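# sequence first, predicted model second:
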Amino acid sequence: MKNLKGLNKIFLIGLPGAGKTTMGLDLAVDLGLQFVDLDQDIEKANKQSVREIFEEKGEAHFRQLEKLHLDKVLDELDEFVMATGGGTPCFFNNLETMKRAGVTIFINTPIQQINERLEKDTSRPLMKTATLEELLAKRKEWYSQADHTIQEYKELIKLF
C-alpha cells in the first residue's frame, strides 16, 4: 500500500456507474486539486460522446484515444484527481502508467447498487453488450491491482 500523504496524482478506477466522477469531484474539492474526467476530456476533444465514438469508430479506436488523453493529462498537469473510464486500466499499459505516476483507487461499488443507478442510462456503450457481472469478471485482474480498494466516499477521504 502506498502512503498517500503528498501524492498529487490520484486515479479512480472501477466499473461504469461505480461513482468515480461523483467521488472524484468531491475528493478534488476536499483536497484542493483539479478534477479530470477522462471520458469527458475525450468527448470534448473529439466533439462526440463516448457512445458515438464506439458506434462510429469502434472500441479499439476509443481505447487509443483513451491512452492518448491519459498520457496528455500526465504530461500537462502536475496535480489532479482523475475519474478514468471503466476500461482504462485494462488496455495498453495504462494501469502501470497510472501506478507509476501516482495512486490508483478501485471504487468497488456493489453491482446491485450500480444496476439501480444505471437502470435508465443508455449512454454507456459496453452496457449494451455485457452485464456488469461480465465486465467485472473481465476487469477484476486489473482492478485488483489498485493501490487501494474502497466502497464509499468516507473510506476514500480517510486515505488522505
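That came through fine. Residues are numbered from 1 along each chain as shown.
# buried residues in stretch 99-113, which are they?
Lys99, Ala101, Gly102, Val103, Thr104, Ile105, Phe106, Ile107, Asn108, Thr109, Ile111 (16 or more other Cβ atoms under 10 Å). For the C-beta atoms, the positions are set from N, CA and C on the backbone; glycine is no exception.
# just the CA trace of the helix or strand bottoming out on mean pLDDT in the chain, in PDB.
The element with the least model confidence among the helices and strands of the chain, by mean pLDDT, DSSP states H and E, is helix 111-118, at a mean of 84. Listed next in PDB are the C-alpha coordinates belonging to helix 111-118 (Å, rounded to 0.1, in the frame of the first residue of the first chain):
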ATOM      1  CA  ILE A 111     -23.200  -4.400  -8.600                       C
ATOM      2  CA  GLN A 112     -26.800  -4.200  -7.300                       C
ATOM      3  CA  GLN A 113     -26.200  -0.600  -6.400                       C
ATOM      4  CA  ILE A 114     -24.700   0.200  -9.800                       C
ATOM      5  CA  ASN A 115     -27.600  -1.500 -11.600                       C
ATOM      6  CA  GLU A 116     -30.000   0.700  -9.700                       C
ATOM      7  CA  ARG A 117     -28.100   3.800 -10.800                       C
ATOM      8  CA  LEU A 118     -27.800   2.800 -14.400                       C
END
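# now render the buried residues of stretch 99-113 as a markdown table, adding distance to Leu118.
Formatted as a markdown table, the buried residues of stretch 99-113 follow (distance: Cβ to Cβ, whole Å):
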| residue | distance to Leu118 |
| --- | --- |
| Lys99 | 28 |
| Ala101 | 29 |
| Gly102 | 28 |
| Val103 | 27 |
| Thr104 | 23 |
| Ile105 | 21 |
| Phe106 | 18 |
| Ile107 | 14 |
| Asn108 | 16 |
| Thr109 | 11 |
| Ile111 | 10 |
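# quick check: closest non-adjacent residue to the residue sitting furthest away from the middle of the chain.
Computed with Cα atoms, centre = their mean, the residue of the chain farthest from its C-alpha average is Glu56, at 22.4 Å. Nearest-residue entry for Glu56: Gln48, 7.3 Å, with adjacent residues in sequence omitted and distances by Cβ to Cβ, 6 or more residues apart in numbering.
# how about Ser49?
Once its chain neighbours are removed from consideration, Ser49 has its nearest residue in Glu43; the separation is 5.6 Å (Cβ to Cβ, 6+ apart).
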